[in-house]
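J.: Just need the structure, nothing else, for what follows:
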Amino acid sequence: QVEMSFLRQVAENSVSLDLYIQPKASKTCVCGLHGDELKVAITAPPVDGKANKAVINYLAKLFGVAKSSVAITSGQQSRHKRCLVQGVSFDEASSIVNDFF
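T.: Model prediction:
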């Protein structure tokens, strides 16, 4: 059981995630922890918002929600991002994320 300090419940069906993004990776995946953040590798380069788009697409697919339900709430220009995912409960999100550990 991983200490999930990067995952917080913000509403009944919404969670917030603290992510550390590794752009231009060989594949898009959750690759563990980076300090207190969940480390996500994405293939997109950090150019013209491509990496942000890829993060949103990946989180939507990962949690089974629409892309419009995922938002980057801070860190648009940074590797350190906070994302909001709506339509998934804290328990669902933690069990999905737990599968990577």
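J.: Contact partners for Ala54?
T.: Going by C-beta atoms under 8 Å, 6 or more residues apart in numbering, Ala54 touches Thr28, Ile42, Thr43, Ala44. Yep, even glycine has a C-beta here, placed from its N, CA and C like the rest.
J.: Can you tell me how far the first one is from His34?
T.: Looking back up the chat, that one is Thr28. 16 Å (C-beta to C-beta, to the nearest Å).
J.: cool, Ala60 as well?
T.: Counting by C-beta to C-beta - Ala60 and His34 are separated by 21 Å.
J.: which sections of the chain are below the confidence cut-off?
T.: Scanning the chain for pLDDT under 70 picks out the ranges 1-2.
J.: For the protein, just list every one of the helices.
T.: For the chain, the helices defined by DSSP state H cover 50-63, 90-98.
J.: Can you pull out the residues in contact with the shortest one?
T.: For helix 90-98, the external contacting residues (C-beta under 8 Å, 6+ apart) are 1-2, 4, 7-9, 15, 17, 30, 38, 62-63, 85, 88.
J.: Buried ones in it, by neighbour count?
T.: Phe90, Ala93, Ser94, Val97 (16 or more other C-beta atoms under 10 Å).
J.: what is the orientation angle of that helix with helix 50-63?
T.: Orientation check (axes from the mean of the first three to the mean of the last three C-alpha atoms, to 10 degrees): helix 90-98 against helix 50-63 gives 110 degrees.
J.: and helix 90-98, C-alpha only, in CSV?
T.: Provided in CSV are the C-alpha atoms of helix 90-98 (Å, rounded to 0.1, in the frame of the first residue of the first chain):
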residue,chain,number,x,y,z
PHE,A,90,-11.3,8.9,-4.2
ASP,A,91,-11.6,5.2,-3.7
GLU,A,92,-11.8,4.4,-7.4
ALA,A,93,-8.9,6.7,-8.1
SER,A,94,-6.7,5.2,-5.4
SER,A,95,-7.4,1.6,-6.5
ILE,A,96,-6.6,2.5,-10.2
VAL,A,97,-3.4,4.2,-9.2
ASN,A,98,-2.5,1.5,-6.7
